[in-house]
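Engineer: sequence first, predicted coordinates after that:
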Amino acid sequence: MGGGRLVRARRGPHHPAPAARRLAARCRALTRLDRTLSPHPAIPTVSASANAVLEHVRPHGHVIVPLGNGEPIALMDALEGAAAAGDLTGVTVHQMHALRDRPYLHGEYGDRLQHVSYFLSHITRPCYQKGTVQLVPNHFSEVYSHMQRRAHDPLVIACASPADRHGYFSLGVSADYTSSFIGRARFFLEVNDRMPRTFGRNQIHISQIEGFIRNDRQLVEVPPPEMDEHDHTIAAFVAERIPDGACLQTGIGAIPNAIMSALGSHRDLGVHTELISDGLVDLVEAGIVNGVRKMHNRTKVVGTFCLGTQRLYDFVHENAAIELWSARYVNDPRLLSRERNFVSINATLSVDFLGQCASETLAGRYYSSSGGQVDFARGAMYSEGGQGFIVLHSTAGDGSISRIVPQFGTGEVVTNSKNTVDKVVTEYGVAELRSRTVRERTSALIAVAHPAHRDQLTAEAHRLGYL
C-alpha cells in the first residue's frame, strides 16, 4: 500500500519510560510557545509500510477489527498479503459488519487467515452460507465480552483520525466494541487524514499503541434508502406517539429515516442510539434534537458508530454535540432504563401472533444478527414512560407474503421475545402488545396485517386456539 510513518510506542498507558516523560515535557513546552506545532514533533519515526503491522501478529493469534469504516484498509491488505505468501499461521480476524469484500472471507487462504463475524453484512452473508465465515450470536452490548473470551491477547487494528497536539487519536466514526479495548489490548493504527475527529470515550493516546501508519482514503458512503408511501405512513403512526423531550434510538433503514423526517414539529428531543445516520443531521441543525431533557450525557447526541454520506461525516467532525462511546455503554439496558421516556425504534423481518420478532433470519437462513435490537427494547421496557416500536411493512415481495404470521417456520430465529415487544407498527396501524393476552395480541396483529391476508390469518388463529 505504499509508504507510511510508523511510531513505536510503549504499550502501557500508566508507566511511560523516562524518555517518554522527557518527550512529553518537551512537547508541553513547545506547544506553550506555538500551538500550531505538531503534537509530538520529537518522537523518533522510521519510514514503514503497512507490513510493519506483521511484527505484532502472532501465530494462532487474534486480530480485532472495527465495524464499517473503522476497518484499516492498508493494514488488512498487509494481513492478506502475508497470508497469500504463507507467512501467517492460524490467525483469526474478529469483526462486525464488514463493508469490504476480501479473498480471505471466501476461504482463499484456508486456516492461515479466517474470519469470525458478529453481525453479517451483504458482504459476509454469502460467505457464511458457504461456510467460509463463522458467526457468533450476540447482543451488541456484549460483543466486547464475547471477543474477550474468544481472543486471548488480541491485536486491535483500527482506523483513526490524526492525533491532536496532546498525542490523542480519535477512533473516528467507529467506537463500537473497539474502544473498550483501549488500555486493555495492543493497538496498531492506520491514521486516515479523512477520518472525522469525534468526541466521547473513543480517544487513544500515542503511548497506548504499538505504532501507526498513515493513509488518505475516502470513507465508504451509504446513502439513505429510498422512502415510499408505506414508510411515511408508518412514520406518522410512530411520530404521533413520541412525546416532546423523549430520548430516541433509531435503527437503520428507510422506515427509521422516515420517522426522523416526521419529527419536525417536536421539541427538545434527545438521542442515545447505536447508529448515527444522515437522518439525524437536519434534526440537530434545526434544534429539534438538543438533549436538554436527557438524564445522561445531557445536551449530547450519543452513539457508537456513524454510517452514511460524506455530509454526515463532515457534520460529526469536531462537533462537540456528538459523542461516540463503546457499545458496552451505549447499548447497556441498565443505563437506558434510567432515561425517562426512552423510545426504541427498530425494524424486523417478521412477527408471529405471540409478538415474537424474527429480525435476523430470512426463510430459515441467517441474514444479519441481533445487533442492538434487544438491548434497546429492554431499555425502553424498563424506562419510565418508555416505548418500544417494532416497524415493518405488512407484506414482502409483490404483496403475496404476509410478514405477520401465525407461527415461524423451521429455522427462523427469534430475536426479540414476546415478553419484550411493546408496539408493532405497519402501514395499517399500531398493535399494542404490552400486558395483552394471547387472544388480544393475535387480534391486534391481524388488524395491522394486509387486508388481503386477514381472513387466512384469522382462520389459522382459530385453528391454533389463539382466537
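Structural biologist: Happy to help now that I have it.
Engineer: test my guess that Gln249 contacts Ser277.
Structural biologist: No: applying C-beta atoms under 8 Å, one finds Gln249 not in contact with Ser277, separated by 11.8 Å. All C-beta spots, glycine's among them, are computed from the backbone N, C-alpha and C.
Engineer: looking at these two, which one has more neighbours?
Structural biologist: Higher neighbour count among Gln249 and Ser277: Gln249, with 30 against 23, using other C-beta atoms under 10 Å.
Engineer: may I ask which helix or strand encompasses that one?
Structural biologist: strand 247-250 (DSSP states H and E).
Engineer: check which helices and strands the helix or strand following that strand sits against.
Structural biologist: Following strand 247-250 in sequence order, the next helix or strand is helix 254-261 (DSSP H and E). Helices and strands touching helix 254-261, by 3 or more C-beta pairs under 8 Å, 6 or more residues apart in numbering; DSSP states H and E, are helix 229-239, strand 247-250, helix 279-285, strand 342-347, strand 387-391.
Engineer: would you mind measuring from Gly397 to Ile404?
Structural biologist: 14 Å (C-beta to C-beta, to the nearest Å).
Engineer: is the closest residue to Pro162 other than its chain neighbours in a helix, a strand, or coil?
Structural biologist: Counting by C-beta to C-beta, 6 or more residues apart in numbering, Val191 is the residue found nearest to Pro162 once chain neighbours are left out, at 5.6 Å. With DSSP: H, G, I helix; E, B strand; the rest coil as the basis, the three-state label of Val191 is strand.
Engineer: correct me, but Val191 touches Gly211?
Structural biologist: No: contact criterion C-beta under 8 Å: Val191 and Gly211 do not qualify, at 10.4 Å.
Engineer: helices of this protein, residue ranges please.
Structural biologist: 18-33, 73-84, 124-129, 143-150, 229-239, 254-261, 279-285, 310-316, 327-330, 333-336, 373-382, 438-447, 451-464 (DSSP state H).
Engineer: does Val414 touch Val421 like I think?
Structural biologist: No: contact criterion C-beta under 8 Å: Val414 and Val421 do not qualify, at 10.4 Å.
Engineer: which of these two has more neighbours?
Structural biologist: Val421 (23 against 16).
Engineer: would you confirm that that one contacts Ser435?
Structural biologist: No: with contact defined as C-beta under 8 Å, Val421 does not count as touching Ser435 (11.6 Å).
Engineer: apart from its neighbours in sequence, what residue is nearest Asn416?
Structural biologist: Cys357 (3.9 Å).
Engineer: could you count how many residues lie near that neighbour?
Structural biologist: 27.
Engineer: what pairs with it across the strands?
Structural biologist: Val351, Asn416 (DSSP bridges).
Engineer: quick check: Cys357 vs Ala52, distance?
Structural biologist: 46 Å.
Engineer: still on that earlier bit, who has more neighbours out of Gly397 and Ile404?
Structural biologist: More crowded of Gly397 and Ile404, by other C-beta under 10 Å: Ile404, with 25 against 7.
Engineer: how near is the nearest residue to that one once chain neighbours are set aside to Leu269?
Structural biologist: Leaving aside its chain neighbours, Ile404 sits nearest to Ala449 (4.0 Å; criterion: C-beta to C-beta, 6+ apart). Plainly put, Ala449 is 31 Å away from Leu269 if you go by C-beta to C-beta.
Engineer: ok, the two, which is more surrounded?
Structural biologist: Set side by side, Ala449 and Leu269 show more neighbours around Leu269, with 27 against 23, by other C-beta under 10 Å.
Engineer: who's in contact with that one?
Structural biologist: Contact analysis of Leu269 by C-beta atoms under 8 Å, 6 or more residues apart in numbering lists 242, 244-248, 263, 283, 288-291.
Engineer: could you rerun that using 10 Å?
Structural biologist: Residues counted as contacts of Leu269 (C-beta atoms under 10 Å, 6 or more residues apart in numbering) are 242-248, 260, 263, 283-284, 287-294, 301, 341, 343.
Engineer: measure Ser394 to Ala377 for me?
Structural biologist: 21 Å.
Engineer: now Ser443
Structural biologist: 22 Å.
Engineer: which of these two has more neighbours?
Structural biologist: Ala377 (25 against 17).
Engineer: can you pull the pLDDT of that one?
Structural biologist: At Ala377, the model reports a pLDDT of 97.
Engineer: and what of Ala25?
Structural biologist: 46.
Engineer: ok, now the one 10 residues further on?
Structural biologist: According to the prediction, Arg35 has pLDDT 34.
Engineer: re the thing from before, test my guess that the residue nearest to Pro162 contacts Ile157.
Structural biologist: No: distance between Val191 and Ile157: 11.9 Å, which falls outside the contact criterion (C-beta atoms under 10 Å).
Engineer: which neighbours do these two share?
Structural biologist: 72, 212.
Engineer: higher neighbour count, those two?
Structural biologist: Ile157 (30 against 21).
Engineer: for the more buried one, which non-adjacent residue is closest in space?
Structural biologist: Distance criterion C-beta to C-beta, 6+ apart; nearest residue to Ile157, sequence neighbours excluded, is Leu75 at 4.7 Å.
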